[in-house]
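In: quick one: sequence and predicted model below, then my questions.
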Amino acid sequence: MNPTVLWQLADSAFPTGGFAHSGGLEAAWQAGEVPSPERLRRFVAEALWQTGRGMLPLVSAAYEEPHRLEGLDALCHSFLTNVVASRASCVQGRAFASTCARIWPAGPLPALEARVRDLHGHQAPVAGACLSLLGVPLGRTQELFLFLTLRGLTSAAVRLGIVGPYQAQRVQFECADDLEVVLSRCRDLRDRDIAQTAPILDLLQASHDRLYSRLFVS
């Protein structure tokens, strides 16, 4: 694998539409659950654990067995009972597949995108399958998926005005330790191990569509 591929995938300019989603942070902020940088750090840590236990096993399973994408996508759809989270996952997953197919059209990714068109297209299994076909090592794939969760939340916090850019970067740096712990505990989990670890965050995100005013789609 060309090492620049990983940096390209991690770049905020990679067009998958993640900037339009707050991962439930906007709803939590409006509900008064994230009134300070300290609470933001706690929110991010809990979101990382939920990603590690709920989504990372699907990333890993799809990476190791891309031919199971259809079944893993259906499992993810059943697991994400929160309509807002499910919708965001599908939008970002389809965008990820489409973007990869356009950037690397000479390999197997266009065929994978065609498969995704007939599915819900959830982000976790789609990302796992795409990165497997790109030749990104499994460990790096898992790190990247967790990092994108971390970066997306701190970026959303800046746009919501919860913290400034420098403070957001500090939170991101501080949460790097949480990311490593989550990775160490969840790297060997697969689709049979998925679990919900942050039900309150899930409930808050589900209220997003009922917010009087909102900056993000989810």
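Out: Yep, that arrived.

In: mind checking how far residue 72 is from residue 22?
Out: Separation of residue 72 from residue 22 (C-beta to C-beta, to the nearest Å) stands at 25 Å. Every residue, glycine included, has its C-beta placed from N, CA and C.

In: swap that for residue 148, sorry
Out: 14 Å.

In: quick one: which of the two has more around it?
Out: Between residue 148 and residue 22, counted using other C-beta atoms under 10 Å, residue 22 has the larger neighbour count: 26 against 21.

In: residues of the lowest-mean-pLDDT helix or strand in the chain that come out buried?
Out: Among the secondary structure pieces of the chain, namely its helices and strands, helix 3-10 has the lowest mean (mean pLDDT, DSSP states H and E), a mean of 87. Taking 16 or more other C-beta atoms under 10 Å as the neighbour-count basis, helix 3-10 is seen to contain the buried residues 5-6, 9.

In: one more: stretch 80-100?
Out: By 16+ other C-beta under 10 Å, the buried positions in stretch 80-100 come out as 80, 82, 84-100.

In: same check on stretch 100-109?
Out: Taking 16+ other C-beta under 10 Å as the neighbour-count basis, stretch 100-109 is seen to contain the buried residues 100-101, 109.

In: who touches it?
Out: 8, 97, 110, 112-113, 130, 133-134 (C-beta atoms under 8 Å, 6 or more residues apart in numbering).

In: which ones are touching residue 46?
Out: With contact taken as C-beta under 8 Å, 6+ apart, residue 46 is in contact with 197-198, 201.
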